[in-house]
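Colleague: sharing a model that was predicted from the sequence below.
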Amino acid sequence: MNQSNIRNFCIIAHIDHGKSTLADRMLQATGTLSDREMQEQVLDDMDLEREKGVTIKASAVRMNYTAQDGQTYEMNLIDTPGHVDFGYEVSRALLSCEGAVLVVDATQGIEAQTLANLYLAIEADLEIIPVVNKIDLPAALPDEVAEEVENITGIPAEEVIPISAKMGTNIEAVLESIVRRVPPPSGETEAPLQALVFDSHYDSYKGVIAYVRVFQGTLKDRQWIKMMSNAVTTEPIEIGIFSPAMKPVKELTAGEVGYVATGLKTVRECRVGDTITLKDKSAEKPLPGYEAVKPMVFAGFYPTEGEDYALLKEALERLQLNDASLVFDPETSDALNFGFRCGFLGMFHMEIIQERLEREYDLDLVATAPSVRYEVVMAQTGETIIIESPADLPDPGTIEEIREPWMHVQIFTPDEYYGVIMDLAIKRRGEFVGQEYPAPGRVILKFDLPLAEMIVNFYDRLKSATRGYASMDYDFAGYRSSKLVKLDVLVNKQAVDALAMIVHEDDAYHRGQRLVTQLKKEIPRQMFEVPIQAAVGNRVVSRANVKALRKDVLAKCYGGDITRKKKLLEKQKKGKKRMKMIGNVEVPQEAFLSVLRLDDD
């Protein structure tokens, strides 16, 4: 294909604005898939993606489109996720494109993640094509939304294309606009090969399959290649394109998007963001890759069966291959034995990873309560150490201060929910920063919030308080010193490290009380009384007792002297005491899960 006839573009949007449906219609309009092969959300091939109605993984597809000028164009579409927790996937896809189709829902208007993705696209210097979707709905306001787009992007409202992806209305206009406005890729086919790995997945027959965008040079079938970050060389099993199934080809030239089945068996040898070059004729320097992403939420994953530890490790490595934002390190816990401390970008990311591990790898897991990364300044030495798990927190006497991560949060909402959102944010130790009115009846509220207050169920609360109309976007604002303490949980006088958490000093009593009440319901009764305590340092802030199961030792006494009864009760008391000394309390899985579901009321 002549390079001037290639168009590389992606679709960016807020979650549920019709991104995957638009991709489906484009595949039909270009004849890439016949009506018989067509199904809903064809690029979302994971069961999870179909069930939840969200795109989790970026995927690529090639379409051939004959435009009105009579020429045939090769269009490479890279489909991207919309949820804020998968922003990293979006940033990788944008680096492989020259243009972006910005989809906005005609009933909802511009929302938080639309803006966040738009700014990423502008930063990557892409040509933006704005599209207003769902114009067939009775509540649609395409003209007002087009003006909103004009206010934010500066693109005139009359250039915004009104479409209905569901009905297939005006899809041709979008394709024509891509042909006209998205610049063709630049790159020399004769130069040394430089191909950027923007995604990858593992195939048990072909090894690591790298999704690549060729920037310079040509990659031919069976040519030896080299990874530039670690100098690993290999002969690819096959190279090909996505249409949307994998289809082998003889060569990939500058400007094209495709895949390389490397045959590499270990995940570390082919990283996302790496540059592939030829072994014989290497490029001098790699393409500017992606900066390593910093996880924001940490939780422990432990297999319920000890022998599944090796399987969990392998499963996490495979998932890390196509989700570079997942990090994990081995850790041990007295209560749960061996497992991994995993880092995620947010709670939804954690939920998806946990479901994928349980479904795709058939693992049974216990997840500990999510926590964030803290900076601890030591009093003696003045050095700063990073704490990812509450169990690692040093003795309070040796700590000068604890710093916690704060986030800049933008909440987009109809202005009738102003008061509800203010109340929600201030209850979570939020600081009000400012507000903007992008359009009549809509407001952007800006807060600084501690990440620890956001991760548990802030997003769910926001959605239910505003009937689903509010949306939010967040980015990292830095670490700030706070009055934080470690809340320990003791079951039968033994500390359970997996239940420990770091909380704000003012919140310790209430959180401890809720935790103890919840655990009392979950821990089964024993033959002896089990005390459950929540403690900060040496001070117990809350306590509850799980009553003992009692045998009625007086059942056989049907009269006689009181001393007989006393004697039997004393004997029982001694037995209970001895049992308590050697007794062991098993904390059930539900107790660990209940910590995740601690309500705020």
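Modeller: Thanks, I have it. Residues are numbered from 1 along each chain as shown.
Colleague: for the rest of this, base every contact and every neighbour count on C-alpha atoms.
Modeller: OK.
Colleague: mind listing the strands for the stretch 401-550 of the chain?
Modeller: 431-439, 442-450, 471-482, 484-491, 494-495, 501-504, 530-536, 539-546 (DSSP state E, counting those that start in this stretch).
Colleague: can you tell which of those strands is closest to residue 247?
Modeller: Nearest to residue 247 among the strands of the stretch 401-550 of the chain is strand 471-482 (37.7 Å), distances taken as Cα to Cα.
Colleague: list the buried residues for that closest one?
Modeller: Along strand 471-482, these residues count as buried under the neighbour rule (16 or more other Cα atoms under 10 Å): 471-474, 476, 479.
Colleague: distance to residue 299 and pLDDT added to those, as JSON lines?
Modeller: What follows is the buried residues of strand 471-482, written out as JSON lines (distance: Cα to Cα, whole Å; pLDDT from 0 to 100):
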{"residue": "471", "distance to residue 299": "25", "pLDDT": "73"}
{"residue": "472", "distance to residue 299": "23", "pLDDT": "74"}
{"residue": "473", "distance to residue 299": "22", "pLDDT": "74"}
{"residue": "474", "distance to residue 299": "20", "pLDDT": "75"}
{"residue": "476", "distance to residue 299": "19", "pLDDT": "78"}
{"residue": "479", "distance to residue 299": "20", "pLDDT": "87"}
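Colleague: now the residue nearest the centre of the chain: how far from residue 3?
Modeller: By Cα atoms, centre = their mean, the mean C-alpha position of the chain lies nearest to residue 349, the distance being 2.3 Å. Per Cα to Cα, to the nearest Å, residue 349 is found 38 Å from residue 3.
Colleague: immediately after the lowest-mean-pLDDT helix or strand in the chain, which helix or strand?
Modeller: Ranked by mean pLDDT, DSSP states H and E, the weakest helix or strand in the chain is helix 47-52, scoring a mean of 52. Using DSSP states H and E, the next helix or strand after helix 47-52 towards the C-terminus is strand 59-66.
Colleague: ranges for the helices of the stretch 201-350 of the chain?
Modeller: Taking DSSP state H, counting those that start in this stretch, the helices of the stretch 201-350 of the chain run over residues 309-322, 347-360.
Colleague: quick one, which of those gets closest to residue 295.
Modeller: Using Cα to Cα as the measure, helix 347-360 is the one of these that comes nearest residue 295, at 10.3 Å.
Colleague: what is the rounded mean pLDDT of that closest one?
Modeller: Averaging pLDDT along helix 347-360 yields 81.
Colleague: which strands and helices sit next to it?
Modeller: Judged by 3 or more Cα pairs under 8 Å, 6 or more residues apart in numbering; DSSP states H and E, helix 347-360 is in contact with helix 309-322.
Colleague: send the alpha carbons of the helix it packs on over as CSV?
Modeller: Extracted in CSV, the C-alpha atoms of helix 309-322 (Å, rounded to 0.1, in the frame of the first residue of the first chain):
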residue,chain,number,x,y,z
TYR,A,309,1.0,-20.1,44.7
ALA,A,310,3.1,-21.1,41.6
LEU,A,311,0.0,-20.9,39.4
LEU,A,312,-0.9,-17.4,40.7
LYS,A,313,2.6,-16.2,40.0
GLU,A,314,2.4,-17.5,36.4
ALA,A,315,-1.1,-16.0,35.9
LEU,A,316,0.1,-12.6,37.1
GLU,A,317,3.1,-12.6,34.8
ARG,A,318,0.8,-13.5,31.8
LEU,A,319,-1.6,-10.7,32.8
GLN,A,320,1.2,-8.2,33.2
LEU,A,321,2.2,-8.9,29.6
ASN,A,322,-0.9,-7.2,28.2
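Colleague: before I go, just wanted to say thanks for your time.
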